[in-house]
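In: quick check, what structure comes out for this input:
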Amino acid sequence: MAPHEREFRNVFALVSRGIKSVSTEGMRRLGLHPGQNFLLEELWREDRQTPGELARRIGVEVPTVTRTTQRMEAAGLLTRIPDEHDRRVVRIGLTDRGRALRDELPDLLDRAAGRALAGLTDPERAQLVGLLRRIAENLHNPAAGDRSAGH
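Out: I've put the predicted structure just below:
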């Protein structure tokens, strides 16, 4: 492995753990666990989705969504609703408590991001976001690995 790849991997892991740590502190105060924010955000966009739809939208497996929604239902954030057209299908819906977090959670996550970006100028922030977007595209495009060989 080339030094830049190793350095990227190590620094990215450090940043990822740091963001998760800062976000987790605030999320716990709201009664949430890491990762539950992704389900809430999808349900705020479109309530009453099936576990399969949610899994596809956030890029995880259905059993992961099932476990997470069960935990969130026990916490009073979500409810399981039988589909009106097909009783075999379950939809995941927000409770009032889950909807109310829409006012607090995004601000909390924005503050964590602001802390991470402290001291960077607006152009530096824009450049960083652009580079991270390219990295995300590389990771989601299998052919991207072929282009980077030898660089």
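In: in the chain, which spans are helices?
Out: Ranges of helices in the chain, per DSSP state H, are 3-29, 36-45, 51-58, 62-74, 96-100, 105-117, 122-140, 144-148.
In: looking at these, spot the one closest to residue 90.
Out: Nearest to residue 90 among those is helix 51-58 (7.0 Å), distances taken as C-beta to C-beta. To be clear about C-beta, it is placed using only N, CA and C from the backbone, and glycine gets the same treatment.
In: packing partners for the closest one?
Out: helix 36-45, helix 62-74, strand 90-94 (3 or more C-beta pairs under 8 Å, 6 or more residues apart in numbering; DSSP states H and E).
In: export these as TSV, with columns for mean neighbour count, distance to residue 119 and mean pLDDT.
Out: Shown next, in TSV, are those (neighbours: other C-beta atoms under 10 Å; distance: least, C-beta to C-beta, whole Å; pLDDT from 0 to 100):
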stretch	mean neighbour count	distance to residue 119	mean pLDDT
helix 36-45	18	25	96
helix 62-74	16	35	96
strand 90-94	19	37	96
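In: TSV for the ones you listed, including distance to residue 104?
Out: Formatted as TSV, those follow (distance: least, C-beta to C-beta, whole Å):
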stretch	distance to residue 104
helix 36-45	11
helix 62-74	16
strand 90-94	14
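In: closest one to residue 141 among those?
Out: Nearest to residue 141 among the helices and strands packed on helix 51-58 is helix 36-45 (21.5 Å), distances taken as C-beta to C-beta.
In: the closest one: how far from the chain's middle?
Out: 8 Å (C-alpha atoms, centre = their mean, to the nearest Å).
In: one more: stretch 81-92?
Out: 25 Å.
In: which helix or strand in this protein has the lowest average pLDDT?
Out: The least trusted helix or strand in the chain, going by mean pLDDT, DSSP states H and E, turns out to be helix 144-148, with a mean of 57.
In: ok, back up a step: just send the helices of the chain back as CSV, with distance to residue 83 too.
Out: What follows is those, written out as CSV (distance: least, C-beta to C-beta, whole Å):
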stretch, distance to residue 83
helix 3-29, 30
helix 36-45, 16
helix 51-58, 12
helix 62-74, 15
helix 96-100, 19
helix 105-117, 27
helix 122-140, 31
helix 144-148, 38
